[in-house]
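Trainee: the sequence and its predicted three-dimensional model are supplied below.
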Amino acid sequence: MITQENLKVVIGGGEYNNNPKWLQTQETELNLLRRVDWEGKFPINSLEAILAEHVWEHLTYEEGVEAARICFEFLKPGGYIRCAVPDGFFPDKDYQTGVQVGGPGPEDHPAASHKIVHNYKTITSMFEEAGLKVNLLEYCDEDGKFRYNDWDENQGFIYRSKRFDHRNQNGNLGFVSLIVDAKKD
């Protein structure tokens, strides 16, 4: 069991390590829906932060609530989940085709296992159902207008964001994420 002070965990870190001081995990060792995986790794109320960049869209809404409840148990008071997912209100047809439920094409496409495309309302509701307080960092509203609240990348770096994604240049947004901090009070 890991009992490190101020432990920060990346869920589904993939091949890139954008948060090098954080514990990197993969689904095979730490599944969001398998409480037993969490119990074997961390004490209850022990984690400072959990980061999930483009992970929660691979869960249904109900699975997302359950995963958030499990994370809630292992976050210490004041801890948070920084979560980034594709934004269902981003007004770009090609983007929406690429992130749609089931993906845009072959089974080996990264989006093939998408089960939901969140917007700021659904993700807020999902995390609030699990007892977390949501702070919207980056999102599009119902009219497709991009909204941005400054956030500190040292508290969880998200590549697929306004500031860091290479597709966003010269004031044009080529790829955005819906990014939230969901905090345990």
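Mentor: Received the coordinates, thanks. Numbering: from 1, shown residues only.
Trainee: which parts of the helix ranked longest in the chain are buried?
Mentor: In the chain, ranked by residue count with DSSP state H as the criterion, the top helix is helix 61-74. By 16 or more other C-beta atoms under 10 Å, the buried positions in helix 61-74 come out as 61, 63-68, 70-74. Any C-beta I mention is one placed from the backbone N, CA and C, and that applies to glycine too.
Trainee: equivalent analysis for stretch 153-169, please.
Mentor: Neighbour-count burial for stretch 153-169, counted by 16+ other C-beta under 10 Å, picks out 156-162, 165, 168.
Trainee: let's have those residues in CSV, adding pLDDT and secondary structure.
Mentor: Shown next, in CSV, are those (pLDDT from 0 to 100; DSSP: H, G, I helix; E, B strand; the rest coil):
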residue, pLDDT, secondary structure
G156, 97, coil
F157, 97, coil
I158, 97, coil
Y159, 96, coil
R160, 95, coil
S161, 97, coil
K162, 97, coil
D165, 96, coil
N168, 96, coil
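Trainee: contact partners for the residue nearest in space to the middle of the chain?
Mentor: In the chain, the residue lying closest to the centroid (C-alpha atoms, centre = their mean) is C83, at 2.4 Å. Contact partners of C83, counting by C-beta atoms under 8 Å, 6 or more residues apart in numbering, are 51-53, 55-56, 123, 127, 179-182.
Trainee: can you pull out the strands in this protein?
Mentor: In order along the chain, the chain carries the following strands (DSSP state E): 7-10, 23-24, 47-53, 75-85, 133-140, 146-148, 178-183.
Trainee: tell me which two of the buried residues of stretch 153-169 sit farthest apart.
Mentor: G156 and N168 (18.4 Å; C-beta to C-beta).
Trainee: show me the residues around C71 that make contact.
Mentor: 32, 47, 50, 81, 130.
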